[in-house]
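Chemist: pasting the structure only:
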Ligand SMILES: NC(=O)c1ccc[n+]([C@@H]2O[C@H](COP(=O)([O-])OP(=O)(O)OC[C@H]3O[C@@H](n4cnc5c(N)ncnc54)[C@H](OP(=O)(O)O)[C@@H]3O)[C@@H](O)[C@H]2O)c1
């Protein structure tokens, strides 16, 4: 693994794959779509729903490995626009997988804890059967399947509720939304019946690239190791950033319904990745501490 193409390099995970890969001494090339990167990075333009654009991007960058982060990630928007969700998350993955196979490029597909229905009551392992409950999750599961069906060398890494500072685009994430809202003194109602495994994007980027460098293939869970409900995550963010926890209150999904169904407990077991990497994955406390220490100037 020498040259890596990050498809969707302006997204939260994509920007950290670019940064961490550079630190690891890899030759990194990114792609952008609509977002113009704030950091002036020289990305290739690529639309994964257009096979010609994908083939052209791969031919120009000639990577050994292509990491597909690009996706339609807004879960409720996917529910409203299912055709577009499948076009990006399933057909886009198929376009990338086919072009990679044609050119002998190894593919890494980033997926989600939402492929599980969340009804088991415990953490999910890689060998357990998915049962997605939303359009987003179904289209992502199809993306996994086309990736794994196209080449047995492919790697699928599932993450859950990504967080970290977004230094490239303007889009927030669950943790930065909590920080921004509470700093403005806004009250927040946070779900206490949606349990997830919050994933620090810079740590996940390193885990994905390390797994790839070790030749891992098949499915790996590369989320954080915790299993916490969203209100509890909010309380921990308050603690880490010295914010007023009394502005947060717990709410149930039944009391504040969302358009797309969410799994009640989609926490991921990460022991397979930990065993392969020989180290524990980054938990929420460590991720929040790293965020506090690395807060960009002028973000307050
Ligand atoms: N965010 C989470 O909490 C979470 C949880 C579990 C799994 N995941 C998965 O993790 C991956 C990374 O998520 P993220 O939050 O880092 O993503 P993100 O910040 O929402 O970024 C998505 C990226 O995809 C690009 N993109 C969208 N449509 C495209 C298209 N048709 N062609 C090419 N690029 C396109 C976007 O570019 P433009 O904005 O310019 O269109 C952007 O760079 C995704 O596969 C997601 O499904 C995310």
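Modeler: Cool, got the structure. Keep in mind that this is a model prediction, so the values were computed, not measured. Numbers count the residues shown, from 1 in each chain.
Chemist: tell me how far residue 181 lies from the ligand.
Modeler: Per C-beta to the nearest ligand atom, to the nearest Å, residue 181 is found 17 Å from the ligand. Glycine gets a C-beta too; all of them are placed from N, C-alpha and C.
Chemist: isn't that residue up against residue 189?
Modeler: No: if you go by C-beta atoms under 8 Å, residue 181 and residue 189 don't touch, sitting 10.7 Å apart.
Chemist: any chance you could map the helices in the protein?
Modeler: In the chain, the segments counted as helices under DSSP state H are 12-23, 51-61, 75-80, 82-86, 92-103, 135-150, 174-183, 201-213, 230-241, 271-277, 284-293.
Chemist: show me what residue 106 is bridged to.
Modeler: Beta-bridge pairing for residue 106 (DSSP bridges): residue 65.
Chemist: contacts only, for residue 102.
Modeler: By C-beta atoms under 8 Å, 6 or more residues apart in numbering, residue 102 lies in contact with residue 55.
Chemist: please apply the same query to residue 81.
Modeler: residue 72.
Chemist: also the one 10 residues further on?
Modeler: When the contact criterion is C-beta under 8 Å, 6+ apart, the partners of residue 91 are residue 49.
Chemist: distance check, it against residue 204.
Modeler: As judged by C-beta to C-beta, to the nearest Å, residue 91 and residue 204 stand 25 Å apart.
Chemist: can you pull the residues of the stretch 101-250 of the chain lying near the ligand?
Modeler: 110, 112, 140, 159-162, 171 (C-beta under 6 Å from any ligand atom).
Chemist: any shared contact partners between residue 181 and residue 189?
Modeler: In contact with both residue 181 and residue 189: no residue, using C-beta under 8 Å, 6+ apart.
Chemist: so what's the closest residue to the ligand within the stretch 201-300 of the chain up against?
Modeler: Going by C-beta to the nearest ligand atom, the ligand is nearest to residue 201 of the stretch 201-300 of the chain, at 6.7 Å. Neighbouring residues of residue 201 by C-beta under 8 Å, 6+ apart: 12-13, 15-16, 162-164.
Chemist: pLDDT value on the nearest residue to residue 112 once chain neighbours are set aside, please?
Modeler: Excluding the flanking residues, the one nearest residue 112 by C-beta to C-beta, 6 or more residues apart in numbering is residue 140, at 5.1 Å. Per-residue pLDDT puts residue 140 at 98.
Chemist: does residue 140 touch residue 71 like I think?
Modeler: Yes: if you go by C-beta under 8 Å, residue 140 and residue 71 touch, sitting 7.0 Å apart.
Chemist: those two - which one has more neighbours?
Modeler: residue 140 (29 against 25; other C-beta atoms under 10 Å).
Chemist: contacting residues around the more buried one?
Modeler: 71, 89, 111-112, 114-115, 132.
Chemist: strands - which of those land there?
Modeler: 111-112 (DSSP state E).
Chemist: neighbour-wise, which of the contacts of residue 140 leads?
Modeler: residue 89 (29 neighbours).
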